[in-house]
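In: 3D, please:
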Amino acid sequence: MSALDWYGLAQFESDLGILNYTLARTTERGTDTHRKLIAGAIEADLTAISLAPTAAYSWLRLAQAHIERDGRAANISPYLRMSYSMARYDPRVVLTRLDIALLFWNDLPEDVQRDTDEQIRLVMKWFPRELVRYTRARNRLAQVRAALSVEPQARARFNLMYFLRRDQT
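Out: Residues are numbered from 1 along each chain as shown. The predicted model follows:
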């Protein structure tokens, strides 16, 4: 089997993880169908990662699947940590990852919080309105402002958007 075959198999497993996760989100939580779909998503993403460890989306989806399965009791730190390691600056994953990290902020170890602080600064550059929206939705004003304190202009812009332009975000 060639490297391209391994990649194709990893992509297939990743796609299977997406399918199972998406279907699980459309079923009622706590049902056998929901549990089987989430288990299928986790298994597919673990297989994808075993074939292609740099699959940042699979690492992030593992965090999402564990949240879907376990709720607030989910231990997502290892998955967020690996997602940061594999795709720190990928704009296609930063928003979902930031939303999850803000939701679980108090449960994250310091190293993952530091990585999240860096993501906050990145999202402020790329997607400032979304940062304001996520900050409000997750009630994390103190954490976001602290992360932005090392970039005074970004913090001032964030404050302006957060406090003065509520109708525009």
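In: measure Ala73 to Arg133 for me?
Out: Distance, Ala73 to Arg133, by C-beta to C-beta, to the nearest Å: 26 Å. In short, each C-beta sits where N, CA and C put it, glycine included.
In: neighbour count winner among the two?
Out: Arg133 (16 against 9; other C-beta atoms under 10 Å).
In: for the protein, what helix or strand is lowest in average pLDDT?
Out: Comparing helices and strands within the chain by mean pLDDT, DSSP states H and E singles out helix 3-25 as the least confident, with a mean of 84.
In: just how off-centre is the helix or strand following that one within its chain?
Out: Per DSSP states H and E, the first helix or strand lying C-terminal to helix 3-25 is helix 32-51. Centroid separation for helix 32-51 versus its chain: 17 Å, with C-alpha atoms, centre = their mean, to the nearest Å.
In: got the domain boundaries for the chain?
Out: With domains defined by automatic domain parsing, the chain comprises 1-71, 88-169.
In: spatially central residue for this protein, please.
Out: Residue closest to the average C-alpha location in the chain (C-alpha atoms, centre = their mean): Arg97, at 2.0 Å.
In: that residue contacts Leu62, correct?
Out: No: counting by C-beta atoms under 8 Å, Arg97 does not reach Leu62; the two are 11.9 Å apart.
In: name the SS class of the residue nearest to the centre of the chain, please.
Out: helix (DSSP: H, G, I helix; E, B strand; the rest coil).
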